[in-house]
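Novice: please find the sequence and the predicted model below.
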Amino acid sequence: GEDVEQSLFLSVREGDSSVINCTYTDSSSTYLYWYKQEPGAGLQLLTYIFSNMDMKQDQRLTVLLNKKDKHLSLRIADTQTGDSAIYFCAESMKGSSNTGKLIFGQGTTLQVKP
Amino acid sequence: EAGVAQSPRYKIIEKRQSVAFWCNPISGHATLYWYQQILGQGPKLLIQFQNNGVVDDSQLPKDRFSAERLKGVDSTLKIQPAKLEDSAVYLCASSPTWAGAQNEQFFGPGTRLTVL
């Protein structure tokens, strides 16, 4: 079945690293995404990783993918107050129709304390 | 480049009334999506268009929800009649392409619907 799970809340101090975790169930996922949602705004794509990769780094963001455990994580280095938002993990479904449909987790609220 | 536009931003209606949302995708994007995001949950796909054809509407409650994308550009999503459980943010997204490739979806700000 299609299911993406995330922890609901994470609180860190400014300057620390944040690690947001996600598990998914569909082993045929092609791409996995991290989106950021600020209050009253739509979703903004932060980064993505192709399913044959283990790691991807993009400035302060590091994505780790463990396909065996179906576990995805997003590490934000030197977390800033502007990083406070809800972070969504999503997988791109590769069904028979291969429509690129996204399945989202329920989101992790990141609170950054000064 | 202009982003995905949606209107209205907020709507309050009573149950059993009708409501319509409008979306204007990024120019040139062939694929358009409507998502429903209930408070505290992630977005759930309602319907996906490729140009003006429906690719996936498996999660659309067709007894009350309808959507169209005339001329393959703008789209409207309608609810008739609304129920209390339809209270949510309705997000529109567009992407240049769809299948078989990395598919970044660009999201609009959403329409927050409250059904009383």
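Specialist: Cool, the structure landed.

Novice: okay, CA-based contacts and neighbour counts for the rest of this
Specialist: Noted.

Novice: low-confidence ranges, chain A, go.
Specialist: A:1-2, A:94-99 (pLDDT under 70).

Novice: where does chain B come near chain A, residue by residue?
Specialist: B:40-45, B:55-56, B:91, B:98-100, B:102-110 (CA under 8 Å from any CA of the partner chain).

Novice: what residue ranges in chain B score low on pLDDT?
Specialist: B:1, B:98-102.

Novice: what ranges do the strands span in it?
Specialist: B:5-7, B:10-13, B:19-24, B:31-37, B:44-50, B:53-56, B:65-68, B:75-79, B:88-95, B:106-107, B:111-115 (DSSP state E).

Novice: need those strands in TSV (columns: mean neighbour count).
Specialist: Below are the strands of chain B laid out as TSV (neighbours: other CA atoms under 10 Å in any protein chain shown):
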stretch	mean neighbour count
strand B:5-7	20
strand B:10-13	14
strand B:19-24	20
strand B:31-37	25
strand B:44-50	23
strand B:53-56	16
strand B:65-68	18
strand B:75-79	19
strand B:88-95	26
strand B:106-107	24
strand B:111-115	20
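
Novice: among those strands, which is nearest A:Gly105?
Specialist: Among those, strand B:44-50 comes nearest to A:Gly105, with 9.5 Å by CA to CA.

Novice: each with direction, which strands does that closest one pair with?
Specialist: In the sheet, strand B:44-50 lines up against strand B:31-37 (antiparallel), strand B:53-56 (antiparallel) (DSSP bridges).

Novice: run through who's touching the first one.
Specialist: Strand B:31-37 is touched from outside by B:25, B:43-51, B:77, B:88-98, with contacts defined as CA atoms under 8 Å, 6 or more residues apart in numbering or on different chains.
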